[in-house]
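**Q** Show me the folded form of this:
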Amino acid sequence: MFLSLHSKPIKFQVMGQYYKPSSLDKKEHVYSHDYHNGLKLMEHSWVGNNFVMAVESLIAKGGRWFGDRIVWAGDYADAEEPKTPHAKYPEHMLNLYDLVEENKINPEVPKREYRYLVNLDTKEFVTISKSPVTERYKDPETGKVTLFKIHPLPLLTCEGNGRGGGDYHGESPLIGKWARQRVIATNTKPTECSEIIFDLVE
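**A** Residues are numbered from 1 along each chain as shown. Predicted coordinates for the structure are as follows:
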């Protein structure tokens with residue numbers, strides 16, 4: 001298992017689904033193993049996780065993906081149109097996870113976390129700190145207690161959730177609600193936007 005800052009230990013499940021946060025406009029992705037994190041959704045979708053923070057830096061003002069349409073693309077998600085067979089596995093139709101494969105980037109992890117996520121298309125925002133505590137984990141070696149909160153960004157923008165091991169297995173209209181929309185990270189509280197309360201726990 002790949003673990004890093006605020007990566008939650010989970011039990012492995014067969015047929016796990018892997019994810020790549022991607023820009024739909026630039027056809028680029030960020031790879032979790034480059035940040036010593038697991039590929040499964042709930043291995044890295046936590047507040048304070050370095051991999052998620054790196055993606056936040058891309059969608060913040062001045063970031064490479066600022067204003068782009070964002071997808072946390074799962075490898076079990078639906079095929080893109082027009083449907084195209086995979087060159088190596090012709091029984092599999094290409095989805096966004098496949099189409100961004102050749103374009104991997106490695107943004108630096110910012111020194112600060114962002115307070116808000118804003119959907120520029122729907123005029124909605126989420127206050128990240130309002131995510132509820134889902135678990136308290138005590139390290140058996142050090143005794144240090146870590147409070148885990150699900151980070152809204154991966155869950156709001158994911159595609160394919162519920163089809164593989166390591167996915168979020170609760171039900172909520174929030175899951176994938178912002179996929180393929182223009183989402184930015186900011187420390188300035190947005191005006192003229194409606195607040196969504198992200199209340200998912202595992």
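**Q** How about the contacts made by Val100?
**A** Listed by C-beta atoms under 8 Å, 6 or more residues apart in numbering, the contact partners of Val100 are 20, 22, 27-29, 73. Where C-beta positions appear, they are placed from N, C-alpha and C, glycine not excepted.
**Q** Helix, strand or coil: sort out the closest residue to it other than its chain neighbours for me.
**A** Nearest non-adjacent residue to Val100, counting by C-beta to C-beta, 6 or more residues apart in numbering: His29, 4.2 Å away. Following DSSP: H, G, I helix; E, B strand; the rest coil, His29 is assigned to strand.
**Q** ranges for the helices of this protein?
**A** Counting by DSSP state H, the chain has helices at residues 41-44, 50-59, 96-99, 152-157.
**Q** Which one of those helices lies nearest to Thr134?
**A** If you check each of the helices of the chain against Thr134 by C-beta to C-beta, helix 41-44 wins as the nearest, at 10.0 Å.
**Q** Which neighbouring elements make contact with that closest one?
**A** On a contact count with 3 or more C-beta pairs under 8 Å, 6 or more residues apart in numbering; DSSP states H and E, helix 41-44 meets helix 152-157.
**Q** now the helix it packs on: mean pLDDT?
**A** The average pLDDT for helix 152-157 rounds to 98.
**Q** contact partners of that helix?
**A** So helix 152-157 is contacted by 19, 21, 41, 44-45, 52, 55-56, 70-72, 117, 126, 128, 131, 161, 168, 174-181, 183, 185, 198, 200 (C-beta under 8 Å, 6+ apart).
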